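Chemist: the following comprises the amino acid sequence and a computationally predicted model.
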Amino acid sequence: QLLAKHAVRRAGGTAEPASPLAGRLFDENGQTLTPTHSVKNGRRHRYYVSRLLLTQCSGATAGNGWRLPAKEIEPGVAAAAATLLEDKSALVTAIQERGIGAGRIVPILEQAAGWVRKLKSNAPGEALVRLVHRVELTGSGFKLALRLPTSLEDPSDTLTLEQFVPLTMKKRGVELRLVISNEPPSAAK
């Protein structure tokens, strides 16, 4: 009872997921990046780290993994997802290729607009958990795969959308800083 009484409660009653991209970020070897954190000067800093860096501490393998600050990769993925969902022509093309009837196009576009608002909010974590299927990291960017729900009645009925997002990386100690280009998206399908 004491624990329940003193538990931290968030405004609105729902807590933001701690690591919304957990199990969704993959390195060049197909391995998932693991969420982790460090504490410095009383502040908690979250990261997504390659398993290789967590399991092997030798200097020879240290250059072969990823250590991404969550405060950079999560907003970057949210922005890329929002951009992909705002591309109405790509959405309509994907809907038509999937064979979804014309009567469902407008509701799907409205649903996508609702997800865009959530992705652009101050707390996009739930939207990332619900939409992002996979983020494959490469040296020149990341491939984002979304699963957009197409039916309110059946959450398993989804539309897969993919896009490659170019970025550059700047090394800062053992951590990588991501710089996402302002270029238009290269491919959505």
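Modeler: Now that the structure is in, tell me what you want to look at. Numbering: from 1, shown residues only.
Chemist: and the helices in the protein?
Modeler: Taking DSSP state H as the criterion, the chain carries its helices at 2-6, 51-55, 59-62, 70-86, 88-98, 105-119, 125-131.
Chemist: lowest average pLDDT across those?
Modeler: Mean pLDDT across these is lowest at helix 59-62; the value there is a mean of 48.
Chemist: who's in contact with the residue nearest in space to the middle of the chain?
Modeler: Nearest to the geometric centre of the chain sits V77, at 4.3 Å (CA atoms, centre = their mean). V77 makes contacts with 21, 128, 132, 135, 142, 144, as judged by CB atoms under 8 Å, 6 or more residues apart in numbering. The C-beta positions use only the backbone N, C-alpha and C, and glycine is treated the same way.
Chemist: before we move on, what about G141?
Modeler: Residues near G141 by CB under 8 Å, 6+ apart: 164-167.
Chemist: E28: which of the helices of the chain is closest?
Modeler: Smallest distance to E28 across these (CB to CB): 10.6 Å, for helix 51-55.
Chemist: quick one on the thing from earlier: so which of the contacts of V77 sit within strands?
Modeler: The strands, defined by DSSP state E, take in 132, 135, 142, 144 from the contacts of V77.
Chemist: now the first one, nearest residue through space, not along the chain?
Modeler: The spatially closest residue to V132, leaving aside those adjacent along the chain, is R24, at 5.1 Å (CB to CB, 6 or more residues apart in numbering).
Chemist: could you check how far the one you found is from R67?
Modeler: 17 Å (CB to CB, to the nearest Å).
Chemist: do T138 as well
Modeler: Plainly put, T138 is 16 Å away from R67 if you go by CB to CB.
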